[in-house]
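Colleague: no FASTA, just this:
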């Protein structure tokens, strides 16, 4: 099966400074995490905190999904953490 992202939902984890999102490989839900530092690398002008992180995620969503597919193809098990080095 191929990994797809039919659900556009994402959420901000204030404790860990991450944005969480989910993909699907068939019926299997796959969790992904994007570090705020990675979002800042992709969108240097992003504002801080939740709203800025979610807006940055939405703006560069396709690049994030591409990195998520690569991470999923490299390793088994999740959640998959996407850091600045992944972009």
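Modeller: Thanks, I have the structure now. Keep in mind that this is a model prediction, so the values were computed, not measured.

Colleague: so what sits opposite the spatially most central residue of the chain in the bridge?
Modeller: The central residue of the chain, meaning the one whose C-alpha is nearest the mean C-alpha position (C-alpha atoms, centre = their mean), is residue 34 at 4.1 Å. The residues listed as beta-bridge partners of residue 34 by DSSP bridges are residue 19, residue 82.

Colleague: grab the longest helix from the chain for me.
Modeller: Scanning the chain for the helix with the most residues, using DSSP state H, yields helix 61-74.

Colleague: quick one: the helices in this protein, in order.
Modeller: Remark: helices of the chain, listed N- to C-terminal, are 36-42, 49-59, 61-74; assignment by DSSP H.

Colleague: just list what the last one packs against, helices and strands only.
Modeller: In terms of contacts (3 or more C-beta pairs under 8 Å, 6 or more residues apart in numbering; DSSP states H and E), helix 61-74 is packed against strand 3-4, strand 18-25, strand 28-35, strand 80-82. Yep, even glycine has a C-beta here, placed from its N, CA and C like the rest.

Colleague: quick check: neighbours of the first one in the sheet, parallel or antiparallel?
Modeller: Neighbouring strands of strand 3-4 in its sheet, by DSSP bridges, are strand 18-25 (antiparallel).

Colleague: and the strand it pairs with, what's buried?
Modeller: Of the residues in strand 18-25, those with enough neighbours to count as buried (16 or more other C-beta atoms under 10 Å) are 18-23.

Colleague: and which of those residues is nearest to residue 3?
Modeller: Lowest distance from residue 3 to the buried residues of strand 18-25 (C-beta to C-beta) belongs to residue 23, with 5.0 Å.

Colleague: I appreciate the help and will end here.
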